[in-house]
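**Q** output the structure for:
(one chain, ligands or ions: 1)
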Amino acid sequence: EGFGPQEYTGMKMEVVEWSPAAKEAIEAKVGGRKVYLVAATLRPETMYGQTNCFVGPTLKYGVFAANEKEAYLCTYRAARNMTFQGIITPRGEVNKLAEVEGASLIGTKIKAPLAVNPEVYVLPMESVLATKGTGVVTSVPSDSPDDYQTLMDLRKKAEYYKIDPKWAAIDPVPVLSTPTYGDLSAPAIVKQLKILSAKDTKQLAEAKEIAYKEGFYNGTMVVGEYKGQSVQDAKPKVRESLINQGLAFAYAE
Ligand code: A2H
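**A** Next comes the predicted model:
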């Protein structure tokens, strides 16, 4: 990190059904456009295993016109960056149609491109940074220790987090297998490091490092079009295919 630009994949997750609060804040203002939550990920090959999507409950999000037909929900900062990358036109001009706080988005149902579970819900994650990516994080608890532990915390304290348990009901889905950790590496590493809460940030950083290296260098896909291929080979192919199908775009920062 910090050495040149980070090449994300911007996953377009179309809204299927707004939460009541988001509907109130957004629906009448988008001029009939389809709205997509845009999640920035470094692991496009894991999109088969999305089980939900995270927003920062206290962060501010906007809905930005991408063109006549589509609008993207993300932070203002990300939308502005997108205008300089030709993702949103014209260059440097941000057209904000609506704004909403992350907390209001919780419970919104969205499409999860490529995923074994084609529709998933928006949930809160306290550690989402306003200064990175789009402020929207797609959740893959099979391979991301942060996503896994946050999902477990939400399940344990659904009432405290004000979520309907059914929004957090999808279990981790095997995406890739590694010799050391099997096909659900994040849960295995979280257990090995005795992580108990998403607030164990130091151990989670270590878990993230282990999961990333193990998956990238020793992982084999167990699902999808590139099943049986190495993660290293599959990663750029999955990314290109998502972009060619209009389900994602390249986003750098
Ligand atoms: B990754 P880097 Cl399966 N705040 O996607 C906090 N985290 C954010 C974020 C934000 N504003 N925006 C993106 N991210 C997450 C998948 C994934 C990711 C897997 C495994 C590891 C992993 C599914 N979540 O990231 O600091 C996103 O989660 C570990 C590197 O720019 C994004 O990729 O390196 C990653 O952090 C980008 O982090």
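**Q** which parts of the stretch 151-253 of the chain sit against the ligand?
**A** Counting by C-beta under 6 Å from any ligand atom, the residues of the stretch 151-253 of the chain close to the ligand are Lys208, Tyr212. Every residue, glycine included, has its C-beta placed from N, CA and C.
**Q** can you pull out the helices in the stretch 151-253 of the chain?
**A** For the stretch 151-253 of the chain, applying DSSP state H, counting those that start in this stretch gives helices covering 185-192, 201-218, 231-244.
**Q** can you say which of those helices is packed in most?
**A** Neighbour counts (mean count of other C-beta atoms under 10 Å) averaged over each of the helices of the stretch 151-253 of the chain peak at helix 185-192, with a mean of 21.
**Q** quick one, it and helix 201-218 angle?
**A** 140 degrees (axes from the mean of the first three to the mean of the last three C-alpha atoms, to 10 degrees).
**Q** using PDB, list the CA coordinates for helix 185-192.
**A** Output in PDB follows, covering the C-alpha atoms of helix 185-192 (Å, rounded to 0.1, in the frame of the first residue of the first chain):
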ATOM      1  CA  SER A 185     -10.000 -20.000   4.700                       C
ATOM      2  CA  ALA A 186     -11.200 -16.900   6.500                       C
ATOM      3  CA  PRO A 187     -13.300 -18.800   9.100                       C
ATOM      4  CA  ALA A 188     -10.300 -21.200   9.600                       C
ATOM      5  CA  ILE A 189      -7.800 -18.400  10.100                       C
ATOM      6  CA  VAL A 190     -10.100 -16.500  12.400                       C
ATOM      7  CA  LYS A 191     -10.400 -19.600  14.600                       C
ATOM      8  CA  GLN A 192      -6.700 -20.300  14.500                       C
END
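**Q** how near is the closest residue to Glu206 other than its chain neighbours to Ala205?
**A** Nearest in space to Glu206, with sequence neighbours left out and distances taken as C-beta to C-beta, 6 or more residues apart in numbering, is Leu193 at 6.5 Å. Distance check for Leu193 against Ala205: by C-beta to C-beta, to the nearest Å, it reads 10 Å.
**Q** try Leu247
**A** 30 Å.
**Q** then Arg155?
**A** 22 Å.
**Q** in CSV, list the helices of the stretch 151-253 of the chain along with mean pLDDT.
**A** As requested, the helices of the stretch 151-253 of the chain are arranged in CSV below (pLDDT from 0 to 100):
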stretch, mean pLDDT
helix 185-192, 98
helix 201-218, 97
helix 231-244, 98
